[in-house]
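Colleague: please find the sequence and the predicted model below.
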Amino acid sequence: MKPLLLLFSLLSFDSMVDCCHYLPRDFHGQPSSHLQSKAVNKKVMIKVSLLSQENKLPPLGIPPQARRDIGFATVFVSLENHQMNNQTVIIKNIEVRNVSDHKLQSFSFQPKRIELKPLENSVIDIHLTNKIGYSGKDRVKAIITYQIGEEVNKIESEAVDVDRH
């Protein structure tokens, strides 16, 4: 019975390691528009990745609309609570900026409060849109300002290309 329980535990741990992306980035061959950056706080580990897209043409079969969203950014925030008590993470702001000139892209964000239970892992995806697309032809990165307790920090994603259609 014990060997069977040990085998089950090891298989569960292996799938947890794979699903939580603890393996090196190159192992899964992630595309360049889905890179991660991480910050380690003694209470919570945070990883950030960004997908950016601009769709100036409407989807096939949909007539053109004057005020439709054409700029899209999806920010994935992975949180790991390393404490045996609840932790609150407040995402105060998300900015999407050009890499070369740090020009701010036109996306807005409302602060988000995330409650993590003891030893909890969570992935939050935040969708940002705009009606003007991306300015310039530069690579972009997401900059997140977050608060844990009284401590306020920033974390950036890796720079990614904008997938333009």
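Modeller: Sure thing, it's come through. Numbers count the residues shown, from 1 in each chain.
Colleague: now the helices for the protein?
Modeller: Ranges of helices in the chain, per DSSP state H, are 2-19, 25-28.
Colleague: and the ones you listed, which one is worst for confidence?
Modeller: Here the helices of the chain differ in mean pLDDT, and the lowest is helix 25-28 at a mean of 36.
Colleague: what's the separation between Ser78 and Ile70?
Modeller: Between Ser78 and Ile70 the computed distance is 28 Å (C-beta to C-beta, to the nearest Å). Using the backbone N, CA and C atoms, a C-beta is placed for each residue, glycine as well.
Colleague: center of the chain, which residue is that?
Modeller: Phe76 (1.8 Å; C-alpha atoms, centre = their mean).
Colleague: OK, contacts around it?
Modeller: Neighbouring residues of Phe76 by C-beta atoms under 8 Å, 6 or more residues apart in numbering: Lys47, Val48, Ser49, Leu50, Leu51, Val123, Ile124, Asp125, Ile126.
Colleague: next one: Glu156
Modeller: Ser37, Val48, Lys141, Ala142, Ile143, Ile144.
Colleague: you'd agree the third one is up against Val162?
Modeller: Right, the one you point to is Lys141. No: Lys141 lies out of contact with Val162 (C-beta atoms under 8 Å); the separation is 11.1 Å.
Colleague: between the two, what contacts are shared?
Modeller: Common neighbours of Lys141 and Val162 (C-beta under 8 Å, 6+ apart) do not exist.
Colleague: all strands in this structure, in order from the N-terminus.
Modeller: With DSSP state E as the criterion, the chain has strands at 36-40, 44-54, 71-81, 87-98, 112-116, 121-130, 140-148, 151-156, 163-164.
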